[in-house]
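Student: Pasting a predicted model and its sequence here:
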Amino acid sequence: MLIINARLRNESSLYQIEITNQKFGTITEQASLQPLPEHAADVIDARGNLLCAPFIEPHIHLDAALTAGEPAWNQSGTLFEGIERWAERKPMLTEADIRSRALRTIQLLMENGVQAIRTHVDTTDPTLTALKTFCALREELKDKIELQIVAFPQEGILSYPNGSRLIEEALEIGADVVGGIPHFEYTRALGEQSMKDVIALARKYDRLVDVHCDEIDDPNSRFLEVLASEALFADMGHRVTASHTTAMHSYDNAYCSKLFRLLKKSGISFVSCPTESIHLQGRFDTFPKRRGVTRVKELNNAGINVCLAQDSIFDPWYSLGNGKLLRVLDAGLHICQMMGYQDISKALSLITDNSAITLGIQERYGIATGKPANCILLSGADDYEVIRRQEDVLLSIRAGKVIMERKPTELLTRPAIFPA
Ligand code: 17E
Ligand code: FE2
């Protein structure tokens with residue numbers, strides 16, 4: 001396969017890119033736009049659009065996707081009511097129900113250029129039905145999409161009956177990542193202990209870590225410092241992620257300044273879910289009302305790895321969501337006030353390269369000779385244009401094969417505003 005007339009991120013020229021044996025081959029600079037050769041089978045004309053590494057969804061709850069309103073709606077819009085509503089849906093889970101919703105949601109993500117997903121799967125369920133189903137799906141779908149499974153103790157490790165045993169069983173069954181939820185544990189002491197347990201489990205089973213950490217507006221919720229210091233002491237920061245960290249929005253600036261030193265040293269990654277957090281947080285405020293989104297811009301400027309995610313699609317926590325990471329990015333840039341030229345010009349990293357680092361897949365990710373031929377074609381010449389236009393992903397190539405393609409939307413009649 002040959003792709004011609006492609007732009008690449010952070011480059012001003014046009015390129016043609018060879019794909020052989022499911023890998024990227026030679027990448028050659030072109031002097032100008034070239035016509036598509038006649039009778040050229042297996043040549044794709046990018047028409048000056050941006051060829052980019054695939055989008056990654058680094059934080060989603062596929063087990064709960066498409067269950068909003070079943071059996072009841074979240075009326076308050078708080079995280080804690082979402083957990084209550086989900087606890088009512090959990091006993092109704094069956095393998096068939098989970099598979100059907102997961103496949104529809106994965107399809108939606110793939111249609112929007114996603115090729116790798118980290119999903120949290122609730123382990124506070126004595127049957128572990130969802131966890132087992134996702135481990136099977138990970139194998140069945142492995143040629144189509146990369147799935148990472150987090151053993152996520154939604155109702156606590158130490159505060160849920162048998163919670164420690166269940167999360168460990170999930171790791172024995174095959175979860176890739178150890179999760180946690182310290183702000184939901186009954187006490188500060190239990191929350192801290194749970195962070196130590198999570199790191200110990202990750203070492204024992206040689207797994208990654210991704211904790212729902214301080215997802216609350218409480219400025220005194222400081223489990224992030226425990227997670228980061230445990231990661232630092234165990235020398236495994238590059239394998240640890242802190243998700244949400246919304247309490248950081250409310251931390252005192254002096255404390256944050258001290259905290260950032262540890263965060264940077266520890267080398268842990270961050271995931272922010274800006275649409276979800278702006279919806280779930282700030283719910284106990286009147287006015288002025290906090291945004292409740294972690295300090296994405298400041299983390300990024302400090303050289304700490306941070307990426308953006310959707311979190312939910314039509315579930316007890318969030319009633320919208322369409323699989324479009326460009327929408328999450330657009331919202332995130334607004335909410336985090338990352339609207340300067342420099343911010344927007346490199347913002348696709350927040351849903352591509354930075355997410356690959358979070359998932360630990362960066363070695364086999366990106367458009368470079370010898371790497372797996374996975375990429376997407378985006379409407380626009382560079383990050384700035386792609387983000388401003390917000391158009392659908394045009395093409396998705398995985399292991400050198402086109403897995404999704406759509407026609408660009410075309411205006412058929414132009415409204416005549418000005419007389420000819
Ligand atoms: N569970 C949780 O603890 N936090 C969330 N944001 C979601 C589920 C979606
Ligand atoms: Fe989450």
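Tutor: Thanks, I have the structure now. Ligands and ions are numbered 1, 2, ... in the order given.
Student: can you map out the strands along the stretch 101-250 of the chain?
Tutor: Applying DSSP state E, counting those that start in this stretch to the stretch 101-250 of the chain gives strands spanning 114-122, 146-152, 177-178, 208-213, 240-244.
Student: actually the stretch 251-400 of the chain, sorry about that
Tutor: For the stretch 251-400 of the chain, the strands defined by DSSP E, counting those that start in this stretch cover 269-272, 306-308, 375-378, 395-398.
Student: Out of these, which is closest to ligand 1?
Tutor: Closest approach to ligand 1 among these (C-beta to the nearest ligand atom): strand 269-272, 10.7 Å. Placement of C-beta: from N, CA and C, glycine included.
Student: can you put the strands of the stretch 251-400 of the chain in a markdown table and add mean neighbour count and distance to His120?
Tutor: Output for the strands of the stretch 251-400 of the chain, formatted as a markdown table (neighbours: other C-beta atoms under 10 Å; distance: least, C-beta to C-beta, whole Å):
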| stretch | mean neighbour count | distance to His120 |
| --- | --- | --- |
| strand 269-272 | 27 | 11 |
| strand 306-308 | 28 | 15 |
| strand 375-378 | 25 | 24 |
| strand 395-398 | 21 | 24 |
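Student: Turn the ones you listed into CSV, columns for distance to ligand 1.
Tutor: Converted to CSV, those look like this (distance: least, C-beta to the nearest ligand atom, whole Å):
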stretch, distance to ligand 1
strand 269-272, 11
strand 306-308, 14
strand 375-378, 26
strand 395-398, 26
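Student: Pipe those strands into JSON lines and attach distance to Ala175 and mean pLDDT per row.
Tutor: Formatted as JSON lines, the strands of the stretch 251-400 of the chain follow (distance: least, C-beta to C-beta, whole Å; pLDDT from 0 to 100):
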{"stretch": "strand 269-272", "distance to Ala175": "17", "mean pLDDT": "99"}
{"stretch": "strand 306-308", "distance to Ala175": "21", "mean pLDDT": "99"}
{"stretch": "strand 375-378", "distance to Ala175": "28", "mean pLDDT": "98"}
{"stretch": "strand 395-398", "distance to Ala175": "24", "mean pLDDT": "98"}
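Student: Pipe these into TSV and attach distance to Val121 per row.
Tutor: As requested, the strands of the stretch 251-400 of the chain are arranged in TSV below (distance: least, C-beta to C-beta, whole Å):
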stretch	distance to Val121
strand 269-272	16
strand 306-308	20
strand 375-378	26
strand 395-398	24
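Student: So which bits of stretch 387-404 are buried?
Tutor: Buried residues in stretch 387-404, counted by 16 or more other C-beta atoms under 10 Å: 387, 391-398, 400, 403-404.
Student: on that earlier part again, and the strands of the stretch 101-250 of the chain: which comes nearest Glu192?
Tutor: Closest approach to Glu192 among the strands of the stretch 101-250 of the chain (C-beta to C-beta): strand 208-213, 11.9 Å.
Student: Direction included, what does the closest one pair against?
Tutor: Sheet neighbours of strand 208-213, with direction, are listed as strand 177-178 (parallel), strand 240-244 (parallel) (DSSP bridges).
Student: among these, which is nearest ligand 1?
Tutor: By C-beta to the nearest ligand atom (comparing all of the strands paired with strand 208-213), the closest turns out to be strand 240-244, at 6.4 Å.
Student: which residues touch that closest one?
Tutor: Applying C-beta atoms under 8 Å, 6 or more residues apart in numbering, the external contacts of strand 240-244 come out as 58-59, 199, 202, 208-215, 224, 227-228, 231, 266, 268-273, 277, 294, 309, 358.
Student: now stretch 282-295
Tutor: 76-78, 217, 244-246, 248-250, 256, 270, 272, 274, 277-278, 280-281, 332, 335-336.
Student: Tell me the pLDDT of the closest residue to ligand 1 within the stretch 101-250 of the chain.
Tutor: In the stretch 101-250 of the chain, no residue comes nearer to ligand 1 than His212, which is 4.9 Å away by C-beta to the nearest ligand atom. If you check His212, the pLDDT there is 99.
Student: just checking, it touches Val150?
Tutor: No. The criterion here is C-beta atoms under 8 Å, and His212 misses it with Val150 at 9.3 Å.
Student: of the two, who's got more company?
Tutor: Val150 (31 against 27; other C-beta atoms under 10 Å).
Student: so who does that one touch?
Tutor: Val150 neighbours (C-beta under 8 Å, 6+ apart): 118-121, 175-179, 210.
Student: Report the beta-bridge partners for the closest residue to Ile361 other than its chain neighbours.
Tutor: Distance criterion C-beta to C-beta, 6 or more residues apart in numbering; nearest residue to Ile361, sequence neighbours excluded, is Ala116 at 6.4 Å. Taking DSSP bridges as the rule, Ala116 bridges to Ile56, Glu146.
Student: Can you report how many residues neighbour Ala116?
Tutor: 21.
Student: Help me confirm that it comes into contact with Lys144.
Tutor: No. Using C-beta under 8 Å, Ala116 is not in contact with Lys144; the gap is 11.0 Å.
Student: Quick check: chain neighbours aside, which residue is closest to the residue in the stretch 1-150 of the chain that ligand 1 sits nearest to?
Tutor: The nearest approach of the stretch 1-150 of the chain to ligand 1 comes at His61, 4.9 Å away (C-beta to the nearest ligand atom). Closest residue to His61 apart from its sequence neighbours, by C-beta to C-beta, 6+ apart: His120 at 5.1 Å.
Student: Enumerate the residues of the chain near ligand 1.
Tutor: Contact residues, the chain versus ligand 1 (C-beta under 6 Å from any ligand atom): 61, 79, 154, 181, 212, 215, 276, 311-312, 317.
Student: how about 5 Å then?
Tutor: Residues of the chain lying close to ligand 1 by C-beta under 5 Å from any ligand atom are 61, 212, 311-312, 317.
Student: Show me the two of the residues you listed that sit farthest apart.
Tutor: Pairwise distances across those (C-beta to C-beta) peak at 12.4 Å, for the pair His212 and Ser312.
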